[in-house]
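Engineer: Curious how this folds, go ahead:
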Amino acid sequence: MNGTSFKPSNRYYGLIRPASISPGYTASSFSVFLSATRPPRNLLSSAAMKDRAPASAAPPSRKLAGISHAHSENSFDASCTYPELRRLFMSKGLNFACMTEHIEYLEQSDLDRIVRQCREASDDQFLFIPGIEMDCWVVYFLGIKDPRVDFTDNRTIYESLKAQSQLCVLSHPIKAKFSYPDWIVADCHAVEIMNNKHDGKFYFRPQSEALLRRIRQAKPEVVPIVGMDFHAPAQLCDVHMRLMREGPLDADFILGEIRAARTEFFAGRQRLTDVGVAGRMLRRMRIHLMDFAHFINLTLRKSGFRIPGSIRRPLSRLLEGG
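Structural biologist: The predicted model follows:
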């Protein structure tokens, strides 16, 4: 993985310097005093005691399911708002979505807006975890809370996001021809072994699994992850991840579980690791068939022939498992 075949884009994303970080502020101090007329604690009614929740009550634990790699209208090639995404994802029984907005054409104010919108569209039923994707390096970063980015060039953007995120993921490795520079491999925490947009919805891509095995020889802590690569409602599918332990609907807990490999990957109710040998062979054959069909389509387009959309779209859904 010397990365000699990897050629990132020369186009810089940002046109402005990031705004300076505003200094923090301290909360006002409050006077605390007791009323002499307050009845002793043991004289409060049982109903009143029942209504008083502990000040430090822990958030409820539950089984959580969600997806990684999704885009909203903040990405140049997607169209859904966060409320629309919330309704779509909750209709699939999901509790969280790790967002991966494209950095292309964004500025500092856009990043601030993304974090704010994720927070505003989240509650105790569903959580958006902010993240940013860099296609020039074929990676994305998850768990960005307060991004302050140096937009000087692609490398400074990368370094800024790395310093302020919790996970660095090698995304759709097929786009990097399964070869990353050593300095990116040294930073990564996870490898997308299945990307529904590029790998279909059948099973893990063998070349991406091989990439993960190679990286683990030097970095055994790197974990697998699956990504939906959602841009539009038509791409919504049943592939998702489930956390193996119960816990709070909290970004730190969710990303910690992913990083610790305490996740399982499902297609609907089917746990993908439960697929037998014959089933794995069949699903991998379908991935190869899908790749061959894409190659034929690309070859025809280069020669000036375009397959009509009325044929191409249903054929694409059939081949990709949609």
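
Engineer: where exactly do the helices run in the chain?
Structural biologist: Along the chain, counting by DSSP state H, helices occupy 46-51, 82-91, 108-120, 154-163, 182-187, 196-199, 206-218, 251-259, 277-302, 309-320.

Engineer: Quick one: closest of those to Ile67.
Structural biologist: Among those, the nearest to Ile67 by C-beta to C-beta is helix 82-91 (6.9 Å). Where C-beta positions appear, they are placed from N, C-alpha and C, glycine not excepted.

Engineer: Poorly predicted segments of the stretch 101-250 of the chain, please.
Structural biologist: Applying pLDDT under 70 to the stretch 101-250 of the chain flags no residue at all.

Engineer: Please repeat the previous calculation with a cut-off of 90.
Structural biologist: Applying pLDDT under 90 to the stretch 101-250 of the chain flags residues 145-147.

Engineer: and the helices of the chain, which is most packed in?
Structural biologist: helix 196-199 (a mean of 22; mean count of other C-beta atoms under 10 Å).

Engineer: Render the CA-only coordinates of that helix in CSV, please.
Structural biologist: Output in CSV follows, covering the C-alpha atoms of helix 196-199 (Å, rounded to 0.1, in the frame of the first residue of the first chain):
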residue,chain,number,x,y,z
ASN,A,196,-24.6,-0.1,-1.2
LYS,A,197,-24.1,2.5,-4.0
HIS,A,198,-20.9,0.9,-5.4
ASP,A,199,-21.1,-2.7,-4.1
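
Engineer: Leu127 is nearest to which of the helices of the chain?
Structural biologist: Closest among the helices of the chain, using C-beta to C-beta: helix 251-259, at 6.7 Å.

Engineer: any chance of the helices of the chain in TSV, with distance to His231 too?
Structural biologist: What follows is those, written out as TSV (distance: least, C-beta to C-beta, whole Å):
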stretch	distance to His231
helix 46-51	46
helix 82-91	11
helix 108-120	16
helix 154-163	20
helix 182-187	24
helix 196-199	8
helix 206-218	20
helix 251-259	22
helix 277-302	17
helix 309-320	14
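
Engineer: so which of those gets nearest Pro173?
Structural biologist: Closest to Pro173 of the helices of the chain is helix 206-218 (C-beta to C-beta; 4.8 Å).

Engineer: quick one: contacts of that closest one?
Structural biologist: Residues outside helix 206-218 that contact it (C-beta atoms under 8 Å, 6 or more residues apart in numbering): 1, 170, 173-174, 178, 185, 188, 191-195, 199, 222, 224, 284, 287.

Engineer: which of those residues are buried?
Structural biologist: 170, 173-174, 178, 185, 188, 191-195, 199, 222, 224, 284, 287 (16 or more other C-beta atoms under 10 Å).

Engineer: among these, which are in strands?
Structural biologist: When these are checked against strands (DSSP state E), the matches are Leu170, Val191, Glu192, Ile193, Met194, Asn195, Pro224.

Engineer: which one of the residues you listed is nearest Phe76?
Structural biologist: The closest of these, once distances to Phe76 are taken by C-beta to C-beta, is Asn195, at 18.7 Å.

Engineer: how near is the closest one to Cys237?
Structural biologist: Using C-beta to C-beta, to the nearest Å, we find Asn195 at a distance of 12 Å from Cys237.

Engineer: For those two, list the residues in contact with both.
Structural biologist: Shared contacts of Asn195 and Cys237 (C-beta under 8 Å, 6+ apart): Met228.

Engineer: thought Leu249 was touching Ala97?
Structural biologist: No. Leu249 is beyond contact range of Ala97, at 11.8 Å (criterion: C-beta atoms under 8 Å).

Engineer: who's more crowded, those two?
Structural biologist: Comparing Leu249 with Ala97 by neighbour count (other C-beta atoms under 10 Å), the higher total belongs to Ala97, at 29 against 20.

Engineer: contacting residues around that one?
Structural biologist: Contacts of Ala97 by C-beta under 8 Å, 6+ apart are Gly66, Ile67, Ser68, Ala70, Leu85, Phe89, Phe126, Leu127, Phe128, Ile129.

Engineer: Over to Leu255?
Structural biologist: Counting by C-beta under 8 Å, 6+ apart, Leu255 touches Cys98, Ile129, Leu142, Gly143, Gln166, Leu167.

Engineer: do the same with Phe265
Structural biologist: Each residue near Phe265 by C-beta under 8 Å, 6+ apart is listed here: Met194, Pro224, Val226, Val239, His240, Met241, Arg242, Arg271, Leu272, Thr273.

Engineer: how much space between it and Val275?
Structural biologist: Distance check for Phe265 against Val275: by C-beta to C-beta, it reads 11 Å.

Engineer: so who does the closest residue in space to Pro224 that isn't next to it in sequence touch?
Structural biologist: Leaving aside its chain neighbours, Pro224 sits nearest to Ile193 (4.6 Å; criterion: C-beta to C-beta, 6 or more residues apart in numbering). By C-beta under 8 Å, 6+ apart, the contact set of Ile193 is Phe204, Arg205, Ser208, Glu209, Leu212, Pro224, Ile225, Val226.
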